[in-house]
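Visitor: predicted model, plus sequence, below.
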Amino acid sequence: MLLVTVPTPLDEFREPDMSYVRRSLRGISPFINKGDMVILESTLYPRATEDEVAPLLEDETDLVPGEDFHLVFSPERVDPGNKNYGLQNVPKVVGGVSKEGTKLAKEFYETVLDSEVYTVSSPRVAEMEKLLENIYRNVNIALVNELANLCEEMDIDIWETIEAASTKPYGFQPFYPGPGVGGHCIPVDPFFVSWKAREYGADARFIELAGRINRNRPGYVAKRVSEALNEAEKSLQSSSVLVLGVAYKKNISDVRNSPALEIIRELRHRGADVSYSDPHVDRLGLENGQVLESRELEQELLRKVDVVVIVTDHTDFDYKFIVEEASLVLDTRNATGDISGEVENVARI
């Protein structure tokens, strides 16, 4: 039994980078014997297992996948920071190049997991299923980000609107606006499909449009910081900006593709003096080789900076204290939404 779980990022041309997968497969190929099973859990583009992985392993081993050994795709499902669902209790999807491989992989996962194992007819279905999960999230986040911009122009509270819509017991699932999408899945995986679609002469317009909307979100946040400072009769250039939270989601330390990185880059580009505070991320490397260190969130710091920008809504932050001590707060996560009373120094997006 050999399991492959390695990164599958996008390259500089926004195409799937399969180099980690290829190196791993070549590394394990001397150890593959007749009757063995190889399971890939790395996110792959549709048909990658059959069109790229299988031929590579056949060339390396002189064994035929699905006949001499079993080849299966079973995508990982990981939600960092989720206390209710982990590796043990999240259902697995399994699709092999042969029925026997699918059956054996199902039996394997059932022995080590507490969750249901759902089988599909082929690896390509399992590959597309994984991508659909993240496309679904990416498109809906883009939709609500776009609506948030419109609601702001129309003086409508998007957060209250979502809360009201969530009272409907069917046909609606809430998604929330924010500073952009991050992590190793949502900003990357959907484009495996749009890239592959071009090979079949098809357009994946929803995917591309959602990607553009969400990629533009950090720039929009920087623009709103500038506008908020202007309303306070200050200029973004030379103003001190404290970014709260640089991880891509709350209560974790992972900064991969975090929108905070682009927000910091854009604010610095516009001349702001940017620092950050994150209880989960001690040091942050920037693209020019510079390193920022997390600041202790103290009264003196909050009173000193011109604006505080809440990018990641860690539960460690005392938002009441932040609002009371900072002269200006831009909240991209509605982290201050439960603070009662009139709060004139807080702007939300």
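Guide: Received the coordinates, thanks.
Visitor: got the domain boundaries for the protein?
Guide: Recorded structural domains for the chain (assignment: automatic domain parsing) are 2-127, 129-213, 218-348.
Visitor: any idea how far apart the tips of the longest one sit?
Guide: This means domain 218-348. The first and last residues of domain 218-348 sit 14 Å apart, counting by CA to CA, to the nearest Å.
Visitor: for Val329, see how far away Leu63 is.
Guide: Distance of Leu63 to Val329, given as CB to CB, to the nearest Å: 61 Å. (C-beta placed from N, C-alpha, C; glycine too.)
Visitor: tell me which of the two has more neighbours.
Guide: Summary of the neighbour comparison: Leu63 and Val329, criterion other CB atoms under 10 Å, with Val329 having more neighbours (24 against 18).
Visitor: so what does the more buried one have for phi and psi?
Guide: Backbone torsions of Val329, given as degrees, to the nearest 10, read phi -130, psi 130.
Visitor: report the contact partners of the nearest residue to Asp189 once chain neighbours are set aside.
Guide: For Asp189, ignoring the flanking residues on the chain, the nearest one in space by CB to CB, 6 or more residues apart in numbering is Asn134 at 4.3 Å. Each residue near Asn134 by CB atoms under 8 Å, 6 or more residues apart in numbering is listed here: 185-186, 189-190.
Visitor: looking at these, spot the one nearest Ser122.
Guide: Using CB to CB, the shortest approach to Ser122 within those belongs to Asp189, at 18.9 Å.
Visitor: state the phi and psi torsions of that closest one.
Guide: Main-chain dihedrals, Asp189, degrees, to the nearest 10: phi -60, psi -40.
Visitor: relative to Pro9, how far out is it?
Guide: As it turns out, when the distance is counted by CB to CB, Asp189 lies 10 Å from Pro9.
Visitor: neighbour count: those two, which is higher?
Guide: When neighbours are counted by other CB under 10 Å, Asp189 comes out ahead of the other of Asp189 and Pro9, with 26 against 15.
Visitor: I'd say the more buried one and Leu131 touch.
Guide: Yes: with the criterion set as CB atoms under 8 Å, Asp189 and Leu131 qualify as a contacting pair; they are 5.4 Å apart.
Visitor: what do those two both touch?
Guide: The overlap between the contact sets of Asp189 and Leu131 (CB under 8 Å, 6+ apart) consists of Thr43.
Visitor: sketch out the strands for the protein, chain order is fine.
Guide: For the chain, the strands defined by DSSP state E cover 2-4, 37-40, 70-73, 92-96, 117-119, 240-244, 273-277, 283-285, 291-293, 307-310, 329-331, 346-348.
Visitor: name every strand pairing with the last one and say which way it goes.
Guide: When pairing is defined by DSSP bridges, strand 346-348 lines up against strand 329-331 (parallel).
Visitor: how far off centre is the partner strand?
Guide: 22 Å (CA atoms, centre = their mean, to the nearest Å).
Visitor: now do it: everything it contacts.
Guide: Applying CB under 8 Å, 6+ apart, the set of residues contacting strand 329-331 from outside is 221, 224-225, 228, 307-310, 322-323, 336-337, 345-349.
Visitor: quick one on the thing from earlier: most tightly packed of the strands of the chain?
Guide: Among the strands of the chain, the stretch with the highest mean neighbour count (mean count of other CB atoms under 10 Å) is strand 70-73, at a mean of 28.
Visitor: who are the packing partners of that one?
Guide: Of the remaining helices and strands, those touching strand 70-73 by 3 or more CB pairs under 8 Å, 6 or more residues apart in numbering; DSSP states H and E are strand 37-40, strand 92-96, helix 99-112, helix 123-153.
Visitor: mean confidence (pLDDT) on the longest one, please.
Guide: It refers to helix 123-153. Here the mean pLDDT over helix 123-153 is 97, rounded to a whole number.
Visitor: tell me how many other residues surround Tyr220.
Guide: If we define neighbours as other CB under 10 Å, then Tyr220 has 19 of them.
Visitor: which residue is the nearest non-sequential neighbour of it?
Guide: Leaving out its chain neighbours, the residue that sits closest to Tyr220 by CB to CB, 6+ apart is Asn149, at 7.2 Å.
Visitor: so that neighbour sits against Arg217, correct?
Guide: No: counting by CB under 8 Å, Asn149 does not reach Arg217; the two are 9.5 Å apart.
Visitor: ok, these two, which is more surrounded?
Guide: Counted by other CB under 10 Å, Asn149 and Arg217 do not tie: Arg217 has more neighbours, with 25 against 16.
Visitor: surely the more buried one touches Gly182?
Guide: No: contact between Arg217 and Gly182 fails when scored by CB under 8 Å: they sit 10.4 Å apart.
Visitor: joint contacts of these two?
Guide: Shared contacts of Arg217 and Gly182, defined by CB under 8 Å, 6+ apart, are found at Pro259.
Visitor: what does the worst-scoring helix or strand of the chain on mean pLDDT rub up against?
Guide: Ranked by mean pLDDT, DSSP states H and E, the helix or strand of the chain with the weakest confidence is strand 346-348, at a mean of 91. Strand 346-348 is touched from outside by 159, 224, 228, 323, 328-332, 334, 336-337, 339, with contacts defined as CB under 8 Å, 6+ apart.
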